[in-house]
Structure formats: structure tokens, C-alpha cells
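Student: Here is my input, please return the structure:
(one chain, ligands or ions: 1)
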Amino acid sequence: MDLYELTLHELQEKLHNKQASSEEIVKAVFSRIKDVETKIQAFITLDEEGALDKARKYDVQDHFSSLTGIPYGLKDIICSQGMKTTCASKILENFVPFYDATVASRLKEAGGVLVGKLNMDEFAMGSSTEQSAFFPTRNPWDLDRVPGGSSGGSAAAVAACEIPFALGTDTGGSIRQPASFCGVVGLKPTYGRVSRYGVVAYASSLDQVGVFSRDIRDCALVLNIIAGKDPLDSTCVDIEKPDYTEFLKDDIKGLKIAFPREYFQEGIAQGIKDTVKKALLKYEELGAIVEEVSLPHSEYALPAYYLVAPAEASANLARFDGVRYGRRDFEAENVIQMFSSTRAAGFGDEVKMRIMLGTYALSSGYYDAYYLKALKVRRLIKNDFDKVFEDFDLIVSPTTPTTAFKLGEQTGDPLTLYMNDILTVPINMAGLPGMSIPCGFVDALPVGMQLIGKPFDEGTLIRAAYAFEQNTDYHTAKPDPGVM
Ligand code: GLN
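Tutor: Coordinates of the predicted model:
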């Protein structure tokens, strides 16, 4: 196997045993990127020089941290000191942050080598990465299809072996949905488990940073590094952080798994339902107790999300006014005109639409009717989950209603596009941890299974995911995007 194909933990072993140097690994990764990137287009920015410099420095150093010498990528919404952070938007096209997000500095301190910044839907609004202001990313399993979104660059790069792992963000499904479409592992931790400091805010009460990897061990290793309290983010909770690798045990006897009937209804492709049901049988075979439950308010999650998320986005995106960050219209005659022409030219259509929807939902005459109502629905959704978790350890469902769709198939039809998140959005509304893992294929395209846990119980997700992985081989299948 080539170095670029190895997982993070396999690379750690190679480095420790001196079977490979970090320079060799970084070179292998860039040669892979050169081979496939013109087709996949996962990266907005690449830093080969910087990465090689770092790798050479680590190679002559004699102490190891958990990530020393290992390459990775960041979704381009995570601030990286001295490296452009665009949010795939024209308004931040040339924005270079002077500080690192907490997650970025934690990976850096652990010795990781940042390879580049990954494509996404503009400001994380979307489900296909076609809403990037720059170019769409393609699915390594089928180049005519989308990788999902909004963290599509992260998912595609990990699936195509351009990097062993990446970080993304998930507000309504943006880690789990692309992980599912690209056949990789994607974890959205509990709201408050990982710091959001330095991560450009979309909807602050829903956003969470998480991990893309090719196996569960890597996911646990990276979570160990990024999780935990941060004095710079007051919503990042100060509770004990376990060593997540302790949960890598192939034993789930007696684990109580619920599957919600609302997540297996019409609208979910039959092939996906069958694949996930088969995975549930596997869990039974491994000793879990599997039962059907109901989450009765599920159908209201998506409409409520599309009030809460745009409302928060309209407030968060007010800061992009041409004064503080990025682009500015220097031709404008006065400051009001400068604000408006900068924003008109800087934001794409979807972002503008959401700002308008959100501003409307928060306006004085409509606040009670829309925003407040959505918050009440959000509470009902959370209550549904709390009730199930009185009797169960874990909830399992499909991650997405379909497998990856074709580029262009859903553009211009926002409501259809929004439906992609119907099974992931409720988890953000309730603030719970959720994970997508590969569980099979339909028509040669990957299918993801979603595992949903109790708040701050990422450990149980990792345990259940690991047991499934150890007893199946879906995670070993790799796409072949062909080389140039
Ligand atoms: N697709 C959803 C949206 O557009 C979720 C995006 C996300 O999780 N960032 O809002």
C-alpha cells in the first residue's frame, strides 16, 4: 500500500518505527493530490512548501506528540493563521486570519501538518458543495455526482486518500451527510464538546466542529485532540473528557439500540432502508437489543431548522460589511452604499436568501409567529429524544434519504436540496452527538448509517461504530477516481 492510502494510526506506526519519515508521507500525499485533484477539486488552498518545511522540521526532532508529522486538512470555515480562510465566498476571497481557531491550534500543537483548506458550500449553507462561490467538488465514487455538503471538500479529500483526516462543521448535517455520500466516517460531537472559537459562525446555537476519517480509531484519536473546554468559547462545556480510544472495544453485548419509525418512512429510498435494516440485524447478531421507537415531532424539525438557522445566520453575517473583513467596494460614494454594494457583490444567492428569510423571521411583527414558535418546536424535538434515551443507549437510522445525487440535479430547487438533511437536522436541534459510518452500497454508491447518542456520550457512538466496523468490511472499500 502507498503511504497516502494509510490511516492516521497506520501512519503513526510507520513514523514511530522509522519506516517512513514525515517528509516522505507529505510528499506521498501531495503526489496523490496532484494525481486526482483536477478531477475531485476538494481544496481551495494548498500549501505544499509550508507542509514540507514543517515535515522536515519534525523529522529531525526527537520527541513525538500524537500527530507529529501527520498531514490533514481543514474546512475553509476554520480560521488558520497566515492561510486564507474564504468560507467559499467572494466576500472573504482574500481574507487571511491572523490567528488560529482553537481546533486548528490544537492540531498544530499536536504536531499535525496542515496541507490546505477544503471546499464547502458558501458559509456552510448547502448540501452539495455546488454552492461554493469558486467551483463544485466531485464525489470520488462517481465524478458526475456531488460529494454532499456543506463540508463536501473535507469528505471527498478523505475518501479519495488525498489526506488521512480532515475537520468539518455541522449545523444541520454538513459532516454526516457528505460522510455518507463519500463512504467515510463523519462525527458531529455534542453541542459544546468542541470549541467553536475561530470558526466562522453560521448558526451559533447549532454549529459544531467534527471529524472526517477513514476508520473509527482515527476518529477517536482526533476527537481526543480537539474536544474539551476552551476559555475562549463560553459554550464549550467544562466536563470531563474521556480518552475516546478506551471505547474501541469490540463488545456491544446488551447495548440497547432504538430505531425510530419516522426515519424509515416514505421519502427514504428503499435501498437505503434495506441496507440500514441489515446493519441493525448485524447489531442484533453482535448481542445488542434492537427495538423500534417513535420520535413523533420529527416532521417539524426541518421547517423549524429553516427558521432558527437563517435567523441566526442573518445576525452572524451582519459583520461582513466591507469594514471589518475581506472585500470592500472602494468606489461607493458613502458608507451605506459601501455596505450594500459590498454585500451585493460578495454574497451568493443562497446566502442572500437566507439573510432575508432570517431577518424577516426576527422582525418585530413576525418574531412570535415564526422564530419563537420554532424555538418551542425545538424543545419538543429535544423532549422526544430525552424520552427515548430513558430506555436506550443509542439511536440508529439512515444518514440520508438517498445516495449521492448528480451535479446540477437539485440546483435551483432549494426545497428538494433542504430535504437531504431531514434525518440529520433533528440531532442538531437537540444538540446531540451524531455519527455517520459506511454500512453498505446501493448501485455502487456508499450508504451511511447514522448513530445518535446521549449528550456528551460520544464514547458509546465510538464503541458501537467500532464493533460494526470490526465485523464488516464496508470501510475498506475505496473509490477509484482514476489518475490523470
Ligand atoms: N444543509 C443544511 C443547510 O444548508 C446544513 C448545513 C450545515 O450543516 N452547515 O443549512
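Student: Distance of residue 122 relative to residue 328?
Tutor: Per Cβ to Cβ, to the nearest Å, residue 122 is found 18 Å from residue 328. In short, each C-beta sits where N, CA and C put it, glycine included.
Student: These two: who's more crowded?
Tutor: Ranked by neighbour count (other Cβ atoms under 10 Å), residue 122 and residue 328 place residue 122 first, with 27 against 17.
Student: Pull up the residues of the stretch 251-400 of the chain that are close to the ligand.
Tutor: By Cβ under 6 Å from any ligand atom, the part of the stretch 251-400 of the chain that sits against the ligand consists of residue 309.
Student: now with 8 Å?
Tutor: Within the stretch 251-400 of the chain, the residues that sit near the ligand (Cβ under 8 Å from any ligand atom) are 305-306, 309, 350, 354.
Student: and which of these is nearest to residue 63?
Tutor: Of all these, residue 63 sits closest to residue 309, with 43.7 Å by Cβ to Cβ.
Student: dump the residue contacts of the closest one.
Tutor: Taking Cβ atoms under 8 Å, 6 or more residues apart in numbering, we find residue 309 in contact with 171-172, 202-203, 206, 354, 358.
Student: State the pair within the residues you listed that is farthest apart.
Tutor: Longest span within the contacts of residue 309, Cβ to Cβ: 172 and 358, 14.0 Å.
Student: for the most centrally placed residue in the chain, phi and psi?
Tutor: The chain has residue 175 as the residue nearest its centroid, 2.2 Å off, counting by Cα atoms, centre = their mean. Torsion angles at residue 175 (phi, psi; degrees, to the nearest 10) stand at phi -100, psi -50.
Student: wouldn't it be in contact with residue 184 here?
Tutor: No - checked against Cβ atoms under 8 Å, the pair residue 175 and residue 184 is beyond contact range at 10.0 Å.
Student: Quick check: neighbours shared by those two?
Tutor: 155, 212.
Student: what separates residue 323 from the ligand, distance-wise?
Tutor: To the ligand, residue 323 is 26 Å away according to Cβ to the nearest ligand atom, to the nearest Å.
Student: 47 is where my numbering starts, stick with that
Tutor: Sure, I'll start numbering at 47, so the last one becomes residue 369.
Student: Now name the helix or strand holding that residue.
Tutor: Assigned by DSSP states H and E, residue 369 belongs to no helix or strand.
Student: Give the full set of residues in contact with it.
Tutor: Neighbouring residues of residue 369 by Cβ under 8 Å, 6+ apart: residue 385.
Student: try 10 Å
Tutor: Taking Cβ atoms under 10 Å, 6 or more residues apart in numbering, we find residue 369 in contact with 381, 384-385, 388.
Student: Residue 56 now?
Tutor: Taking Cβ under 10 Å, 6+ apart, we find residue 56 in contact with 47, 49, 210, 260-261, 263-264.
Student: What ranges does the stretch 197-346 of the chain have for its strands?
Tutor: Secondary structure of the stretch 197-346 of the chain (DSSP state E, counting those that start in this stretch): strands at 211-216, 231-234, 254-259, 302-306, 335-339.
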